[in-house]
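S.K.: Need a 3D model of the following:
(2 chains)
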Amino acid sequence: MYVAVKGGETAIANAHAWLDEARRGDPSVPELTTDQVAGQLTLAVDRAMSEGSLYDPGLGALAVKQARGDGIEAAFLLRAYRTTLPRFAASLPVDTGAMAVRRRVSATYKDLPGGQVLGPTFDYTHRLLDFALAAEGYAPARSEEAEPGEDAAFPRVTGLLAGEGLMAPEVASDEEPADVTRTPTTYPATRALRLQRLARGDEGFLLGMAYSTQRGYGNSHPFVGELRQGSVAVSIVPEELGFPIEIGEIEVTECEMVNQFKGSRSEPPQFTRGYGLTFGRLERRAMSMALVDRALRAEELGEDATAPAQNEEFVLNHSDNIEATGFLEHLKLPHYVDFQSELESVRAMRAQVEAERAAAPQAFKEAAE
Amino acid sequence: MSGYNFAYLDEGTKRMIRRALLKAVAVPGFQVPFGSREMPLPYGWGTGGIQVTAAVIGPDDTLKVIDQGADDTTNAVSIRRFFARVAPGLRTTESTAEATVIQTRHRIPETPLREGQVMVYQVPQPEPLFRLEPRRAETRRLHALADYGLMQVKLYEDIARHGRVASSYDHPVMVGERYLMSPSPIPSFDNPKMHMSPALQLFGAGRERRLYAVPPYTAVRSLDFEDHPFVPLRANGRCTLCGSGESYLDEVVTDDRGGRMFVCSDTDYCGTRQAAMKEAAE
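M.R.: Below is the predicted model:
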């Protein structure tokens, strides 16, 4: 008669076997290869790499495949793998100014040195389901325009503004930033730490927070100063060599938001920057990050910090989807010990109310009338 | 499992955690920030406890893992299996008496702990004041000043409204009369077991990146008032399987007509008693 709600080893093993079978799907359909995922579901892989804080398209594709396409689960797999890797060096800052650009747009200038380069973008596509794509043997369109040459120069828009003294300067620092994956964040956090946390934050959360600043929760008048996408070189300085060597290239998207700033007692009116940088080709992510970064600078710039997006503890503590999903989903774990004590507590409180009611029936009757 | 260090974490990480634990033991009840690592189990499923266990355990240890007091709940099985995979030589057990390290979620075993044992609690929310003051920068200040008026007022309001303290689990405790501490979501029934316990009690909150500790033989007082003393709560009944009238009970619904029975939440305690009863009968 005692039906145990407790499961044992066998139950777990069976569940995992079933999961494996479900992941594979119909065996009469060819299995998805990780090359296919890496090559054709690139944005899913980019997102898993960004939120997983690990740049490796091969492993990213494996994670997406193993997670059955679930982005958060894929990022989680990458993070759990990443945590076991040794940290043998910190790279030099990547120079996004020297990016081999595939796409670069500015919303603040019609034309600018280097020009507007649309690149492979969803922008201006009509979102009509393309049924031809569902058929086998679909031949993709061939792009006519060559990619911009390696020598094409793309000076930064924010640099152009800074040249005129209209852009608040960023204070350069050679201090090695703390690593959010190794040290707990304490508040108030530095901007370097904030940007690290935002860089691995959940895209949906960042988007929602950024959107809220546009709708009046937090003062922001943003312009996309520049959005650029392409590959940059990563270099390290090995201790035994003492000079930088290039260890590879990564694809990144960078967004610099330009925001008006009315000025303060010590600063003249000028533009300020919100910064976003992400692995891969995740424009929405980079833009959201830039807006949230700017919102979080409210206190530093002497603005009123009243909106959720301007609240550092609120934003940073709730942006991580691995933390959030774990804690949310842990509600599936048994809680019957706590629930039992809740039951007893509610029963005791009810007993008390009923006892009081029995003791003074008249008062309750009057109150009811 | 090859390719991983003993107990999964690398030695550098273990040392970092042990240093934080030493600080936690030196300042009982104080929340020590630590560089919590991403674990292959989700946050909220015991990553803090797992990291603490991984940092203190050695091949000579005997590990017991319980969830809701039971050794056979899925998460307890999963964590025990994790350590069996990544810590070669480690013995696992379901017996409280045999274990040297006990990782737990939501319970303290009924069998009294002894010197030399280590209790590792999984903690979802180390900050006892978080429902009253969500800003951790501010709660840090309140702890520094030992300013716990907020919590006293909350308990007072509970009593004024409900006639009794409404928190039935995770009831806050004062450790060594200095720091207010979350005992983790154990039922308040278990709170008195923390007081002057001969075992070392370690607490790990992975997602929140905090560790804290109660060294052996430390005073742990459940917060209350002189005229409304703390009363641990337990279902008024006996275990159907072993007959215990003292243990913490789970209520099991047996049908859809209001039928229910009570069984011990501590499976080892209940099993041991059943075995003893059987032996006595023979």
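S.K.: So B:G204 sits against B:Y43, correct?
M.R.: No: counting by CB atoms under 8 Å, B:G204 sits too far from B:Y43 to count as a contact (11.8 Å). Quick note: C-beta positions are derived from backbone N, CA and C, even for glycine.
S.K.: which residues does the spatially most central residue of chain B contact?
M.R.: The centroid of chain B falls nearest to B:Y121 when counting by CA atoms, centre = their mean (3.6 Å). Neighbouring residues of B:Y121 by CB atoms under 8 Å, 6 or more residues apart in numbering or on different chains: B:G49, B:T104, B:R105, B:P183, B:S184, B:I186, B:Q201, B:L202, B:F203, B:G204.
S.K.: Scan those and report the most crowded one.
M.R.: In terms of neighbour count, B:G204 stands highest of the contacts of B:Y121 at 33 neighbours, by other CB atoms under 10 Å in any protein chain shown.
S.K.: How about residue 207: what's its closest non-neighbour residue?
M.R.: Since no chain was named, I'll use chain A. A:S288 (4.6 Å; CB to CB, 6 or more residues apart in numbering or on different chains).
S.K.: That was the other one, I meant chain B.
M.R.: Using CB to CB, 6+ apart, the closest residue to B:R207 is B:Y43 (4.0 Å).
S.K.: residues touching A:A178, list them.
M.R.: A:T190, A:A192, A:L193.
S.K.: Now restrict those residues to buried residues only.
M.R.: A:L193 (16 or more other CB atoms under 10 Å in any protein chain shown).
S.K.: how about the strands of the chain, start to end?
M.R.: The chain I'm using is chain A. Using DSSP state E, the strands of chain A run over residues A:100-105, A:222-236, A:245-261, A:270-279.
S.K.: Let me rephrase: I mean chain B.
M.R.: B:32-33, B:62-67, B:91-92, B:101-105, B:118-122, B:173-175, B:179-181, B:200-205, B:210-214, B:220-222, B:249-253, B:260-264.
S.K.: The ones you listed into TSV, with extra columns for mean pLDDT?
M.R.: Shown next, in TSV, are the strands of chain B (pLDDT from 0 to 100):
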stretch	mean pLDDT
strand B:32-33	96
strand B:62-67	96
strand B:91-92	96
strand B:101-105	97
strand B:118-122	98
strand B:173-175	98
strand B:179-181	98
strand B:200-205	98
strand B:210-214	98
strand B:220-222	97
strand B:249-253	88
strand B:260-264	91
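S.K.: how about a markdown table for these, with distance to A:E176 added?
M.R.: Output for those, formatted as a markdown table (distance: least, CB to CB, whole Å):
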| stretch | distance to A:E176 |
| --- | --- |
| strand B:32-33 | 19 |
| strand B:62-67 | 38 |
| strand B:91-92 | 42 |
| strand B:101-105 | 35 |
| strand B:118-122 | 33 |
| strand B:173-175 | 36 |
| strand B:179-181 | 33 |
| strand B:200-205 | 27 |
| strand B:210-214 | 25 |
| strand B:220-222 | 41 |
| strand B:249-253 | 52 |
| strand B:260-264 | 54 |
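S.K.: Span of stretch B:258-277 from start to end?
M.R.: One end of stretch B:258-277 sits 29 Å from the other (CA to CA, to the nearest Å).
S.K.: For A:G119, give me its contacts.
M.R.: A:G119 sits next to A:R102, A:R103, A:R104, A:Q229 when contact means CB under 8 Å, 6+ apart.
S.K.: I'd like to check which residues are in contact with the residue nearest to B:R207.
M.R.: Contacts of B:Y43 (CB under 8 Å, 6+ apart): A:I322, A:E323, A:T325, A:G326, A:F327, A:H330, B:G206, B:R207.
S.K.: Just the ones of those in helices?
M.R.: A:I322, A:E323, A:T325, A:G326, A:F327 (DSSP state H).
S.K.: on that earlier part again, quick one: which of the contacts of B:Y43 is the most crowded by neighbours?
M.R.: Of all the contacts of B:Y43, B:G206 has the most neighbours under the rule other CB under 10 Å, reaching 30 neighbours.
S.K.: domain parsing for chain A?
M.R.: Domains of chain A are assigned by automatic domain parsing as A:9-82, A:96-120+A:151-170+A:179-325, A:336-368.
S.K.: Now render those domains as TSV, adding mean pLDDT.
M.R.: Below are the domains of chain A laid out as TSV (pLDDT from 0 to 100):
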stretch	mean pLDDT
domain A:9-82	96
domain A:96-120+A:151-170+A:179-325	91
domain A:336-368	81
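S.K.: Nearest to B:G58, out of the ones in helices among the contacts of B:Y43: which one, please.
M.R.: Nearest to B:G58, judged by CB to CB, of the ones in helices among the contacts of B:Y43 is A:G326 at 27.8 Å.
S.K.: Mind telling me the two of the contacts of A:G119 farthest from one another?
M.R.: A:R102 and A:R104 (8.1 Å).
S.K.: These two - which one has more neighbours?
M.R.: Neighbour count, other CB under 10 Å: between A:R102 and A:R104, A:R104 has more, with 23 against 19.
S.K.: who's in contact with that one?
M.R.: A:G114, A:G115, A:Q116, A:V117, A:G119, A:F154, A:E226, A:L227, A:R228, A:Q229, A:G230 are the contacts of A:R104 under CB under 8 Å, 6+ apart.
S.K.: and what of A:E170?
M.R.: For A:E170, the contact set (CB under 8 Å, 6+ apart) comprises A:R273.
S.K.: Then B:Q274?
M.R.: Applying CB under 8 Å, 6+ apart to B:Q274 gives the contacts B:L241, B:C242.
S.K.: quick one: it and chain A, what's the gap?
M.R.: According to CB to the nearest CB, to the nearest Å, B:Q274 stands 12 Å off from chain A.
S.K.: and the gap between that residue and B:V263?
M.R.: Distance of B:Q274 to B:V263, given as CB to CB, to the nearest Å: 11 Å.
S.K.: Now do the shared contacts for these two.
M.R.: In contact with both B:Q274 and B:V263: B:L241, using CB under 8 Å, 6+ apart.
S.K.: If we ignore the residues flanking it in sequence, what's nearest A:V232?
M.R.: Spatial nearest neighbour of A:V232, chain neighbours left out: A:V94 (4.5 Å); criterion: CB to CB, 6+ apart.
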